[in-house]
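Peer 1: following is a predicted model, sequence given first.
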Amino acid sequence: MILSMTGFGRAEGVFEGKKITIDIKSLNSKSFDLNIKIPLRYKEKEFEIRKILNDRIIRGKVDCYVNLENLEESNDVKINKSLIDSYINELKTIASDGPDFEYLKMAVRLPDAITSRPDELTEGEWEALAKIVNAAVDRFEEFRKTEGSILHEELNRNVQNIEKYLGEVIPFEEERIVSVRERYQKTLKEFENVDETRFYQEMAYFTEKLDISEEKVRLAQHLKYYKEVMDNEDFNGKKLGFISQEIGREINTLGSKANHSQIQKLVVMMKDDLEKIKEQTLNVL
């Protein structure tokens, strides 16, 4: 099954007046390369978020943005009235002739008179955040599958093109050997006292050197194997890359042995489709 390495996913949710939005996008990469931007409030959970993304995304240059928006007005300041009253009463015992407002101004400056309410990340909020992260990855994976199906069609078309060109080589194989033999026989007639036995030995050696039967068989096998891996194996991008290299070696050998203009043209067309395969394979997970 083909999955694209590029993808995009977004999910959002609300927890206790806080709107959490998560965007995930990726491009192709040889490994998992994550860039994450996260609010300070969730910084303590960055490792857990990274692990979720690493386990599910596998490979790619990934950007993850976690955005937090408060939907409700909140008052995080706590005024400790009883403590302030105690401060004021104690101050009055020291200096009883001052106005109450002056005592209040002194009291609010004393320790713990005004404090911030603790707003720690609760387990419930973390569970909500993790759920939204996984929902974003779900949408991201759906995008990868859609892109992967398009990639599959393109790769399959390119492989079929190479198979077609390989089949078109066959009619020219015997033709090029006959052409070489006639050319050498014509040359032979221009000389006297030529050892015909040695000539035919050389001709046999040259014909064997031009033989492309093994290259054709290996190329056909590599193309078949490429399609099998593409259809039946998951996370197959690297493996498909290795197979495409082997396909390239056989096509290059065909070109070096061709010795025929039409076969050379077919080899050039094979190389064109192979370059498309290599380029597209780089984007396969």
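Peer 2: Yes, it's here.

Peer 1: in which helix or strand would I find the residue lying farthest from the centre of the chain?
Peer 2: In the chain, the residue that sits farthest from the middle, by Cα atoms, centre = their mean, is residue 97; the gap is 76.5 Å. According to DSSP states H and E, residue 97 maps onto no helix or strand at all.

Peer 1: distance of it relative to residue 91?
Peer 2: Taking Cβ to Cβ, to the nearest Å as the measure, residue 97 falls 11 Å from residue 91. Backbone N, C-alpha and C define where each C-beta goes, glycine included.

Peer 1: same thing with residue 55?
Peer 2: Using Cβ to Cβ, residue 55 is found at 60 Å from residue 91.

Peer 1: same deal with residue 53?
Peer 2: Distance, residue 53 to residue 91, by Cβ to Cβ: 57 Å.

Peer 1: more crowded one of those two?
Peer 2: Neighbour totals were compared for residue 53 and residue 91, and residue 53 leads with 23 against 18 (other Cβ atoms under 10 Å).

Peer 1: I am assuming that one contacts residue 134, so please confirm or correct that.
Peer 2: No - using Cβ atoms under 8 Å, residue 53 makes no contact with residue 134, being 9.8 Å away.

Peer 1: part of a helix, is residue 235?
Peer 2: No - counting by DSSP: H, G, I helix; E, B strand; the rest coil, residue 235 is not found in a helix; it is coil.

Peer 1: how about the nearest residue to it, chain neighbours excluded?
Peer 2: residue 285 (5.6 Å; Cβ to Cβ, 6 or more residues apart in numbering).

Peer 1: do the same with residue 66
Peer 2: Closest residue to residue 66 apart from its sequence neighbours, by Cβ to Cβ, 6+ apart: residue 38 at 4.5 Å.

Peer 1: and the pLDDT for the one you found?
Peer 2: Note on residue 38: pLDDT of 92.

Peer 1: give the contact list for it.
Peer 2: By Cβ atoms under 8 Å, 6 or more residues apart in numbering, residue 38 lies in contact with 46, 49, 64, 66.

Peer 1: quick one: which two of those are the most distant?
Peer 2: 46 and 64 (10.1 Å; Cβ to Cβ).

Peer 1: so which of those two has more stuff around it?
Peer 2: Set residue 46 next to residue 64 and count neighbours by other Cβ under 10 Å: residue 64 wins out with 24 against 12.
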